[in-house]
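Colleague: task: produce atomic coordinates for the following.
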Amino acid sequence: MKTRTPAVLIAVTLAVALLQGCAHRSHADNVYADGDTQRAHSITLATVISVRAIVIERAGSGMGAAAGGQIGNALGGLAGKNNFNAWFVGTALGGAAGSLAGHAIEAQVARHPGLEISMRLDDGQQISVVQAADEPFRKGDRVRVLTAEGKSRVTR
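Modeller: Below you'll find the predicted structure:
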């Protein structure tokens, strides 16, 4: 029976832990961060004048590339475990390929659909709010704009 080396197990465990750190805060209008609770939000009534689909992209943390590199390095090293030259090449190529794959996965996970909602407030001012596309809005909809500490969200 083959046993995995402690280095491989440590690398995989570390990679899983690092990927968990890639969790993100939701921008959905029905999700509030703990720090946003128990704060007064001003409410302004408005009419939607246009809605445009956009993509919201969070800045990458680099954790995907780091975790992917560790996993690729560990798996690449398995290829040449009985030959130092093969092990060296395997870890180098596996680490590079894993890093690229991890970066690509993190970039894809960091993107989600959003809306740019342009509105005419009841006082005549026009504003636009960008938020997650978790609730549909159409031209002519009557909405509420909730604002606190410079951040706004649109709700029905």
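Colleague: could you report the neighbour count for Leu93?
Modeller: When neighbours are counted by other C-beta atoms under 10 Å, Leu93 registers 14. C-beta: built from backbone N, CA, C; applies to glycine.
Colleague: need the contact list for it.
Modeller: Gly76 (C-beta atoms under 8 Å, 6 or more residues apart in numbering).
Colleague: secondary structure element for it, which one?
Modeller: Per DSSP states H and E, Leu93 falls inside helix 84-109.
Colleague: for this protein, what spans make up the strands?
Modeller: Secondary structure of the chain by DSSP state E: the strands cover 42-57, 111-121, 126-132, 142-148, 151-155.
Colleague: within the sheet, what are the partner strands of the second one, with directions?
Modeller: Under the criterion DSSP bridges, strand 111-121 sits next to strand 42-57 (antiparallel), strand 126-132 (antiparallel) in its sheet.
Colleague: quick one: buried residues of the last one?
Modeller: The reference is to strand 126-132. 129, 131-132 (16 or more other C-beta atoms under 10 Å).
Colleague: which residues are in contact with it?
Modeller: 26-29, 46, 49, 54, 56, 112-121, 145, 152-154.
Colleague: in ChimeraX, select just the buried ones from these.
Modeller: Entered in ChimeraX, the line below selects the buried ones among the contacts of strand 126-132, by 16+ other C-beta under 10 Å:
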select :27,29,46,112,114,115,117,118,119,145,152,153,154
